[in-house]
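mind looking at a prediction? Sequence and model below.
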Amino acid sequence: MADNKNLEPVKEEVELTEGVERTRPRRIYVPRATIYEVDEEIVILVDMPGVSPENVDIVLEKNELKINGTVEDTTPEGYSLSYSEYGVGDYERNFVVPRDIDRENIQAKMKDGVLELHLVRAEAYQARKIDVVSGK
Amino acid sequence: MYRNFFSTNDEFDRMRSEMDKIFRLVSSPSLHAPAGYPAVNTWADKDKIIVNAELPGVQETDIDISIEGDTLTISGERKPLDLQEGAVYHRQERGSGKFTRVLKMPYQVDPEKVDALLKNGVLEVKLERSEADKPRLISVKKG
């Protein structure tokens, strides 16, 4: 299956709701994601360059998957910024997951700045037929 | 009537301050629209330059770095996903394809002294000014 979206260099910043301020002076970006499904499995790929595997936080809250990636300060000592086309910042994105996902078996792998999540559609969560016993 | 007048002013003030903020962002010397993919940031020292680029999901074997005089070329390919039959996309925001950026440095760089490191999807290229291009101090003799 062809994946022919063009490469896009611009990052999207998280919009803060009015009146809310950040506690850290760091920018927060919405990381780009690719989501596909094959063989009863949903795969989510999230681009978070600059984030090490140990700096990824994933929380599944009710039916919302909350992803958070923090970057370390990479300002080289003794140098000054001479030209800039992108900002360095953390990443945040939430996804609503379908109800029939096996919540105990979500796999996450972080490599080369890309987070890969595998969510399996669980049989147990599929519609269960309930037998009706007639009472006498 | 007075209340209406004041709240109209507030609206204009709010609009103006919001426009000012946008203008500051655009005219700020520290963020330019990327001239291509990938976006780059450059740091400079007296005779050294560091060029950074965000290339998540790109393998180091798929990146080519070349130096010619004062020009640095970063090119490569972000490979598309190779999905099996029957795969369905729900969302597709991450692109793929070949990329090339040609960057002009403020001076000639030494092609023997280039260091490139790819870590967590961030490429860092370190360059040093070539000796031949360093300014020579000329002493003034008394006549």
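Noted; the coordinates are in hand. Since we're looking at a predicted model, the values are computed, not measured. Numbering: from 1, shown residues only, chains lettered A, B, ... in the order given.

poorly predicted segments of the chain, please.
You didn't say which chain, so I picked chain A. Scanning chain A for pLDDT under 70 picks out A:1-4, A:18, A:124-129, A:136.

please refer instead to chain B.
Scanning chain B for pLDDT under 70 picks out B:1-30.

just want the residue of it that's nearest chain A.
Residue of chain B nearest chain A, by CB to the nearest CB: B:Gly121 (2.0 Å). Just so you know, the C-beta spots here come from the backbone N, C-alpha and C atoms, and that holds for glycine as well.

so that residue makes contact with A:Gly113?
Yes: counting by CB atoms under 8 Å, B:Gly121 does reach A:Gly113; the two are 2.0 Å apart.

list residues touching both of those two?
Applying CB atoms under 8 Å, 6 or more residues apart in numbering or on different chains, one finds that B:Gly121 and A:Gly113 are jointly contacted by A:47-51, B:54-57.

which of those residues lies closest to A:Ser82?
B:Glu54 (17.6 Å; CB to CB).

neighbours of that closest one, how many?
24 (other CB atoms under 10 Å in any protein chain shown).

quick one: contacts for it?
Contacts of B:Glu54 by CB under 8 Å, 6+ apart are A:49-50, A:86, A:113, B:38-39, B:121-123.

excluding residues flanking it in the chain, which one is nearest the spatially most central residue of chain B?
By CA atoms, centre = their mean, chain B has its centre lying nearest to B:Val40, at 1.2 Å. Distances taken as CB to CB, 6 or more residues apart in numbering or on different chains place B:Ala53 nearest to B:Val40, at 4.8 Å, with adjacent residues excluded.

my guess is that neighbour meets B:Val122, correct?
Yes: in this structure, B:Ala53 is within contact of B:Val122 by CB under 8 Å, at 7.3 Å.
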